[in-house]
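1. Provided below are the primary sequence and the corresponding predicted coordinates.
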Amino acid sequence: MDIRDVPEAHVDRAMELVYLVFHDNPEEEQRKHHRELVLQCERIGAYDGDTLVGFLAAHRFTLSVPGGELPCPGLTFVSVAPTHRRRGVLSAMIAELFRRGTRQGRPLAALWASEDAIYGRFGFGPAMECLSVEIDSRRPLALRIAPDERPLRLIDPADAPSVVGPYFDATRAARAGRIARDAERWRGEWLAEEAEEDDELSPPRIVALGDTDEEIAGYAVYRTKSGNDDTGTPGLVRVDELEADDAAAAAALWRYVASIDLTGTVRAWGRPLDDPLLLFAADRDQVRVTGGFPGLWVRLVDVRAALTGRAWAAPVDLVLDVRDQHIPANTGRHRLTATQEAGSYEPTGDAPDLTLDVRDLAACYLGGTEVRRLVRAGLVAEHTRGAAARLDAALRTELLPNSGDEF
Ligand SMILES: CC(C)(COP(=O)(O)OP(=O)(O)OC[C@H]1O[C@@H](n2cnc3c(N)ncnc32)[C@H](O)[C@@H]1OP(=O)(O)O)[C@@H](O)C(=O)NCCC(=O)NCCS
């Protein structure tokens with residue numbers, strides 16, 4: 001098997017492989033969109049002779065990490081021909097991606113898993129927990145706090161990248177796990193006229209809170225769907241994104257989406273675990289968490305660069321013994337020394353305070369999983385009492401990591 005770049009001339013073949021393995025047969029418009037996306041991506045293929053039997057694409061993303069951001073390929077369209085499965089084709093393509101990452105100074109990689117069982121073995125860890133939330137909006141949303149009463153305005157989706165884009169960038173810096181969005185990504189992924197998964201949904205609507213375009217205190221991107229009188233299904237508001245400065249602004253936006261006429265259900269997906277809605281909702285029978293799932297999976301391709309590329313909430317000085325079956329350079333004992341200003345991570349012969357697999361370090365990296373929980377689960381070995389708690393204090397972030405930007 002030959003692992004190499006997939007040239008532009010082979011992109012149609014690659015997409016046929018993708019549609020084959022995902023049992024998909026999209027409309028022409030959708031195919032065009034996929035093709036444009038893949039042309040922007042890094043592309044790795046596995047060739048058996050001249051036949052393309054494996055493919056993966058990687059978006060050239062920038063991911064927010066605590067206190068900064070890092071380049072982070074986002075794996076997508078991962079496909080191996082059914083005739084060539086379980087022969088190490090995926091493993092070989094991922095190994096190539098990691099080699100390039102190390103060489104080209106991209107310390108992270110990330111993905112959304114279609115099956116959770118696949119990626120842990122490659123060192124990816126679930127870096128956040130996301131929630132699905134449903135509001136029964138047949139009655140007014142009951143709130144324990146007073147919503148911000150500034151005006152709400154509908155924004156033309158064509159103007160969204162310039163009007164709410166800068167606001168999104170600010171929220172991105174405040175919460176780890178978020179992907180930078182240029183106007184193209186806004187338009188292609190967030191503001192597409194038709195929702196990919198449900199053609200009965202309306203085009204995207206954008207509502208912003210605040211007196212002028214310059215003074216936005218929050219916004220929501222949502223789509224609606226008519227109810228069905230025959231089945232008694234109420235109209236739906238699907239909230240794709242809702243960001244706000246503070247609880248009062250968030251309450252105003254939730255109250256707005258829950259009060260749209262001819263709808264009786266609000267569904268939001270990919271919400272953060274620390275969403276204030278779950279606390280300021282007065283009636284938790286009305287606002288229910290209907291599901292939880294790991295959102296973004298993260299891989300520390302270069303542990304040293306990843307750890308020294310984030311900020312720390314508290315000083316720490318610990319020896320970590322990291323196991324990495326795929327990237328030998330990450331393996332072994334290193335001393336992590338960090339202050340709030342900077343961190344260093346250097347090889348050492350000293351006895352370890354903690355022994356852990358690189359996938360578990362990835363799960364903790366953005367502040368979404370506590371090391372202590374992994375110790376209690378038997379996944380991390382604590383050799384020095386209190387070491388896990390000290391690492392947790394340093395990894396802690398004000399807001400929990402979150403992204404609803406599935407790719
Ligand atoms: C998932 C897929 C890419 C795996 O490709 P592959 O070339 O068969 O994978 P590999 O042979 O490199 O497998 C490596 C390891 O992962 C395991 N593995 C692969 N797919 C798995 C799955 N779906 N569930 C659990 N384990 C899986 C293999 O058993 C193997 O383990 P081993 O090393 O202990 O034997 C391929 O089956 C496929 O294209 N599936 C349909 C599309 C898909 O699900 N893509 C992933 C989207 S996120």
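-> Looks like it arrived, so ask away.
2. okay, and for the protein, where does confidence drop off?
-> Judged by pLDDT under 70, the chain has its weakly predicted residues at 213.
3. Can you show me the helices along the stretch 1-150 of the chain?
-> Assignment of helices within the stretch 1-150 of the chain using DSSP state H, counting those that start in this stretch yields the ranges 11-21, 28-40, 89-103.
4. which bits of this protein sit near the ligand?
-> For the chain, the residues in contact with the ligand (C-beta under 6 Å from any ligand atom) are 21-22, 78-80, 85-91, 113-115, 117-118, 121. C-beta: built from backbone N, CA, C; applies to glycine.
5. and the chain, what are its domains?
-> For the chain, the structural domains run 2-106, 130-293, 306-395, going by automatic domain parsing.
6. quick one: which of these is nearest residue 407?
-> Checking those against residue 407 by C-beta to C-beta gives domain 2-106 as the closest, at 5.2 Å.
7. That closest one spans what distance, first to last residue?
-> Between the start and the finish of domain 2-106 there is a gap of 24 Å, counting by C-alpha to C-alpha, to the nearest Å.
8. about what we covered before: mind listing which of the residues of the chain next to the ligand are in strands?
-> In strands, defined here by DSSP state E, the members of these are 78-80.
9. got a list of what residue 192 touches?
-> Contact criterion C-beta atoms under 8 Å, 6 or more residues apart in numbering gives 33, 204 as the residues in contact with residue 192.
10. actually residue 149, not the one I wrote
-> With C-beta under 8 Å, 6+ apart as the criterion, the residues that contact residue 149 are residue 252.
11. ok, 10 Å please
-> For residue 149, the contacting residues are 209, 248, 252, by C-beta atoms under 10 Å, 6 or more residues apart in numbering.
12. which one of those residues sits closest to residue 162?
-> Distances from the contacts of residue 149 to residue 162 were compared by C-beta to C-beta; the smallest belongs to residue 209, at 17.4 Å.
13. so what's that closest one bridging to?
-> When bridges are taken as DSSP bridges, the partners of residue 209 come out as residue 152, residue 218.
14. which residues does it contact?
-> Applying C-beta under 10 Å, 6+ apart, we find residue 209 in contact with 147-153, 215-220, 244-245, 248-250, 252-253, 256.
15. so what's the residue in the stretch 251-400 of the chain positioned nearest to the ligand closest to, chain neighbours aside?
-> Closest to the ligand within the stretch 251-400 of the chain is residue 297: 9.3 Å, counting by C-beta to the nearest ligand atom. Residue nearest to residue 297 in three dimensions, not counting chain neighbours: residue 124, with 4.2 Å by C-beta to C-beta, 6 or more residues apart in numbering.
16. is it true that that neighbour touches residue 362?
-> Yes. At 6.4 Å, residue 124 and residue 362 qualify as touching, with contact defined as C-beta atoms under 10 Å.
17. list residues touching both of those two?
-> Counting by C-beta under 10 Å, 6+ apart, the common neighbours of residue 124 and residue 362 are 109-110, 297-300.
18. Among those residues, name the ones in strands.
-> 109-110, 297-300.
19. Any idea how many residues pack against residue 136?
-> 16 (other C-beta atoms under 10 Å).
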